[in-house]
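Asks: Quick one, structure for this:
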Amino acid sequence: MPQRETNLARLHADLRVLGATVAIAESLTGGLLCAELTRTPGASSTVRGGIVVYATDLKTTLAGVPAELIAARGPVDRDVALALSHGVRARLEATYGLGVTGVAGPEPQGARPVGTVFLALVGPDGETVAERSFPGDRAAIRARTVAAAVDLLSRECREAITALRSL
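Replies: Below is the predicted model:
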């Protein structure tokens, strides 16, 4: 089994151990993140679903990002990623909310250069936001964003399992 599939299978196994689910709100990846998470057989027990909020207005109407936040900071911002995560977690009733927003190119968006990505994860143990600057073309930036988001969720699940085992 290739490493990618092994890592995804382990992630889903970890989510099942935790009795946890995940919901995804994604912008620049346009559905690729949810597609990646559902590649593994049995993912229906851990993935609640996802929303693609590619258009800026949908970040507000579908994911609950405050319009004032987007007006003040723009759609590519750490707090927007965090709001995406909170919104999708609540709306899809999941244990974890995973949100990504960024600039895949080919043009910058406002002051944000191509390759700027914000990833956010919200769960029972708190929230994490990461900013990344990925090199490459549009496809490479999107693929790296998906990999980084899966890694963020995987690390959080492993830490939660470690904490459970130390009780």
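
Asks: C-alpha from now on. contacts and neighbour counts both.
Replies: Fine.

Asks: Can you name the next helix or strand after the helix or strand of the chain with the lowest mean pLDDT?
Replies: Least confident helix or strand of the chain, by mean pLDDT, DSSP states H and E, is helix 3-18 with a mean of 94. Where DSSP states H and E defines the elements, the next helix or strand beyond helix 3-18 is strand 22-26.

Asks: Kindly calculate the angle that that following strand makes with helix 3-18.
Replies: 130 degrees (axes from the mean of the first three to the mean of the last three C-alpha atoms, to 10 degrees).

Asks: contacting residues around residue 34?
Replies: By C-alpha atoms under 8 Å, 6 or more residues apart in numbering, the contact set of residue 34 is 24, 49, 50.

Asks: Which residue comes closest to the first one once chain neighbours are left out?
Replies: With sequence-adjacent residues excluded and distances taken as C-alpha to C-alpha, 6 or more residues apart in numbering, residue 24 is closest to residue 50, at 4.4 Å.

Asks: Let's verify that neighbour: helix, strand, or coil?
Replies: Following DSSP: H, G, I helix; E, B strand; the rest coil, we place residue 50 in the strand state.
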